[in-house]
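In: give me a 3D structure for the following:
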Amino acid sequence: MRGMPSLYLYYPSHNNHTTMHLPYSEAFTLTIPEPFDFALTVAKPAGWPWSTPKEVFENNTLWTGVWIGDIPVGLVMQAKKNRVSVRAFISSPLTKGDRNDLRKMIRAGLGADEDLAGFYRFAQDDPVLKKVTADHHGMRIGLLDDVFGGIILAILLQMAPIERSEQMMDRVLEHFGTTVSFDAQEVILWPRAEEIAELDPAILRKEAMLGYRAERLVKAAQYIAAHPISLRHLAAIPEDEAMKVLTAIPGIGRYSAAIIFGQSTPPIDAWSVVIMSELYEGKTPENSRDEIERVQQSLSARWGTWSWLAFAYILNDIPTLAGIYPLSRVR
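Out: Numbers count the residues shown, from 1 in each chain. Presented below is the predicted three-dimensional model:
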């Protein structure tokens, strides 16, 4: 990376990573509308994490964590049919307001407000969607209200192969995340915007190997620290207004905004545009980047308000679809 050797001379190793032990626990149960498959919702086939890439899913149990303001919360979740039992681990008892916020956050993260039955009815007239919804019946996508975690993900996915993005995410978590210890498990939470906002981008370039994304991430963190945004609030306003709020964040264009808050604009990139073209047009684009906007508009017109659900379901069923359709970019 051009210019890096001199930076190594001036910036010593920096590790802002901390570990917090969470001894107190509170328990409650949430009921998610049917259809609902807990395992498919929190541990999706494509490997998407529910909250953080460092969470643990074993024996139908999810150990993960979230931030409620500046309070780290460890979570243990299990389900029997559509009833999800939650144990929340904290450093001290939550206030009534924080407890209510946590319940709302988890319900939204489990996709409780998604009209999955309506989406399935819509899918019956689309051969591709009919297949993927049958393959993953009950998988809810969810909208976890973690704007800065979404920003980190969106920026680190920009112009990078998935292996490179995963490497950067791992280093951000390992050097700047917060480890929470609870229920004999450890989970690393995404860093908070306020913490990244105080860093020199050169530290992120060195420790997390972010390259030009370091400046983008710090500026985005500074913006979010000064202008907090709630995805639950964005869900309650017109989509065009929500997109304007998100694209005002430095480094976040419409593609990245669609990753953070997908609605009727699927986040098509140079890889997925090939998949979608082959699925819906039966051809491989000669120059994938030139086709992104056209294919995105075509799919938005086809899927409408179901776009994000449709896009997410397809990406989580690529191996099966590759056995039916000639997909050239399957990893």
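
In: got the end-to-end distance for stretch 35-48?
Out: Using Cα to Cα, to the nearest Å, the end-to-end distance of stretch 35-48 comes out at 20 Å.

In: ok, then the element right after the worst-scoring helix or strand of the chain on mean pLDDT?
Out: Every helix and strand in the chain was compared by mean pLDDT, DSSP states H and E; the lowest is helix 4-10, with a mean of 29. Sequence-wise, the next helix or strand downstream of helix 4-10 (DSSP states H and E) is strand 18-21.

In: so what touches that following strand?
Out: If you take Cβ atoms under 8 Å, 6 or more residues apart in numbering as the criterion, strand 18-21 is touched by Pro72, Ser91, Thr178, Thr179, Val180, Ser181, Phe182, Glu186. Every residue, glycine included, has its C-beta placed from N, CA and C.

In: please list only the buried members of those.
Out: Neighbour-count burial (16 or more other Cβ atoms under 10 Å) is assigned, among the contacts of strand 18-21, to Pro72, Ser91, Thr178, Thr179, Val180, Phe182, Glu186.

In: low pLDDT regions in the stretch 1-150 of the chain?
Out: Scanning the stretch 1-150 of the chain for pLDDT under 70 picks out the ranges 1-17.

In: ok, which stretches of it are helices?
Out: Per DSSP state H, counting those that start in this stretch, the stretch 1-150 of the chain carries helices over the ranges 4-10, 38-42, 96-109, 116-123, 127-135, 147-156.

In: what helices or strands is the shortest one leaning on?
Out: Packed against helix 38-42, as judged by 3 or more Cβ pairs under 8 Å, 6 or more residues apart in numbering; DSSP states H and E, are the following elements: strand 71-80.

In: specify the angle between the strand it packs on and helix 96-109 in degrees.
Out: Here strand 71-80 runs at an angle of 50 degrees relative to helix 96-109 (axes from the mean of the first three to the mean of the last three Cα atoms, to 10 degrees).

In: and strand 71-80, how far out from the chain middle?
Out: 17 Å (Cα atoms, centre = their mean, to the nearest Å).

In: output the below-cut-off pLDDT ranges for the stretch 201-331 of the chain.
Out: Flagging of the stretch 201-331 of the chain using pLDDT under 70 yields the residue ranges 331.

In: what segments of it are helices?
Out: Counting by DSSP H, counting those that start in this stretch, the stretch 201-331 of the chain has helices at residues 201-208, 213-226, 231-234, 239-247, 254-260, 272-280, 288-303, 307-315, 318-322.

In: got those helices as a markdown table, with mean neighbour count columns?
Out: Listed next are the helices of the stretch 201-331 of the chain as a markdown table, based on neighbours: other Cβ atoms under 10 Å:
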| stretch | mean neighbour count |
| --- | --- |
| helix 201-208 | 21 |
| helix 213-226 | 20 |
| helix 231-234 | 17 |
| helix 239-247 | 16 |
| helix 254-260 | 21 |
| helix 272-280 | 21 |
| helix 288-303 | 16 |
| helix 307-315 | 22 |
| helix 318-322 | 16 |
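
In: before we move on, the earlier item: need the contacts of strand 18-21 in CSV (columns: distance to Ala160 and secondary structure).
Out: Converted to CSV, those look like this (distance: Cβ to Cβ, whole Å; DSSP: H, G, I helix; E, B strand; the rest coil):
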residue, distance to Ala160, secondary structure
Pro72, 28, strand
Ser91, 36, coil
Thr178, 24, strand
Thr179, 25, strand
Val180, 28, strand
Ser181, 31, strand
Phe182, 33, strand
Glu186, 27, strand
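
In: of the residues you listed, closest to Ile252?
Out: Distance to Ile252 across the contacts of strand 18-21 (Cβ to Cβ) is lowest for Thr178, with 23.3 Å.

In: circling back: looking at the helices of the stretch 201-331 of the chain, which is nearest to Ile155?
Out: Across the helices of the stretch 201-331 of the chain, Ile155 has its closest neighbour in helix 213-226 (5.3 Å, Cβ to Cβ).

In: what's in contact with that closest one?
Out: Outside helix 213-226, the residues touching it (Cβ under 8 Å, 6+ apart) are 147-148, 151-152, 155-156, 158, 168, 193-197, 199-205, 208, 210, 248-252.
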